[in-house]
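# what shape does this take:
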Amino acid sequence: MGIKERRDKEKLELKNKIISAAEELFADAGYQNISMRKIANKIEYSLPTIYQFFDKKADILFYIYKKNNGKLLDLFMEISESQNDSIEKLKDMSRTYINFAIENPHYYELAYMSNAVRYEKDLAYHEPQSPGFKAYEIILSTIIKCKEEGYFQDKEVEVIGQCLWAGIHGLSSLFIGHNEFPWKDKKCLIENMINSLIGK
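Have a look, this model is predicted:
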């Protein structure tokens, strides 16, 4: 590895270190309570070092959202294109959502629990074309197909979708926010919750 390649690798590693530290701090202490200096202290680097990568705290938040916000959408799209019937796709999306939260607790808390984006009006997180809204649209389109196959008769599509989202979000949030609680087997709880919400 040449000198330039080594330096580029070190810069990328440092940038990732900054992002990881910021994500953890934002989730634990609240986005509005964290400064660039606190992020620098967390990784034991000088403040000017942070500014080499990000001009302001909002830039770090935007980077975190941009990096992570499309991952769940990609997973949902993969499920929607599978050969499973629609009700199984809906169950798979629900499992995937909860597992995504468990595997990315700091990001999930930042994005879905504290909703830090509300502090930065320039972030287009709530735009109709954002990955979050597109993921929700996939859920709704899957529910429509379920209705066409005979499920959820006499129930409104968006009511089903929003109740499903509320349920899986609630379980995800409890797992993350109350990790000290003596939960029973999480896989068992997830399956029971999904079966209760979907009813099949």
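
# contacting residues around the residue nearest to E149 when sequence neighbours are not counted?
Sequence neighbours aside, S86 is the residue nearest to E149 in space, at 5.6 Å (criterion: C-beta to C-beta, 6 or more residues apart in numbering). (Each C-beta comes from the backbone N, C-alpha and C, glycine too.) Neighbour list for S86: 142, 145-146, 148-149, 151 [criterion: C-beta atoms under 8 Å, 6 or more residues apart in numbering].

# I'd like these as TSV, with distance to E13, secondary structure and neighbour count appended.
Listed next are the contacts of S86 as TSV, based on distance: C-beta to C-beta, whole Å; DSSP: H, G, I helix; E, B strand; the rest coil; neighbours: other C-beta atoms under 10 Å:
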residue	distance to E13	secondary structure	neighbour count
T142	40	helix	24
K145	44	helix	16
C146	45	helix	22
E148	50	helix	9
E149	49	coil	11
Y151	49	coil	18
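
# which of the residues in the top helix by length along the chain are buried?
Scanning the chain for the longest helix, with DSSP state H as the assignment, gives helix 3-29. For helix 3-29, burial by neighbour count (16 or more other C-beta atoms under 10 Å) applies to 14, 18-19, 21-27.

# one more: stretch 191-200?
Residues of stretch 191-200 classed as buried: 193-194, 197-198 (neighbour count, 16+ other C-beta under 10 Å).

# L47: neighbouring residues, count only.
As a burial measure, L47 scores 13 neighbours (other C-beta atoms under 10 Å).

# burial measure for A116, as a count.
21.

# coming back round to it: what angle separates the next helix or strand after the longest helix of the chain from helix 3-29?
Next helix or strand after helix 3-29 toward the C-terminus (DSSP states H and E): helix 36-43. Relative orientation of helix 36-43 versus helix 3-29 (axes from the mean of the first three to the mean of the last three C-alpha atoms, to 10 degrees): 110 degrees.

# just checking, what packs against whichever helix or strand comes after helix 36-43?
Downstream of helix 36-43, the first helix or strand assigned by DSSP H and E is helix 47-51. Counting contacts by 3 or more C-beta pairs under 8 Å, 6 or more residues apart in numbering; DSSP states H and E, helix 47-51 is packed against helix 36-43.

# shaky segments in the chain?
Scanning the chain for pLDDT under 70 picks out 1, 121-128, 200.

# hang on, N104 packs against N68?
Yes: under the criterion of C-beta atoms under 8 Å, N104 makes contact with N68 at 6.7 Å.

# domains in this structure, as residue ranges please.
3-56, 69-198 (automatic domain parsing).

# for those, which one sits closest to Y63?
Nearest to Y63 among these is domain 3-56 (6.4 Å), distances taken as C-beta to C-beta.

# could the buried residues of helix 3-29 go into CSV alongside distance to S35?
Shown next, in CSV, are those (distance: C-beta to C-beta, whole Å):
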residue, distance to S35
L14, 19
I18, 13
I19, 16
A21, 12
A22, 11
E23, 15
E24, 15
L25, 9
F26, 11
A27, 16
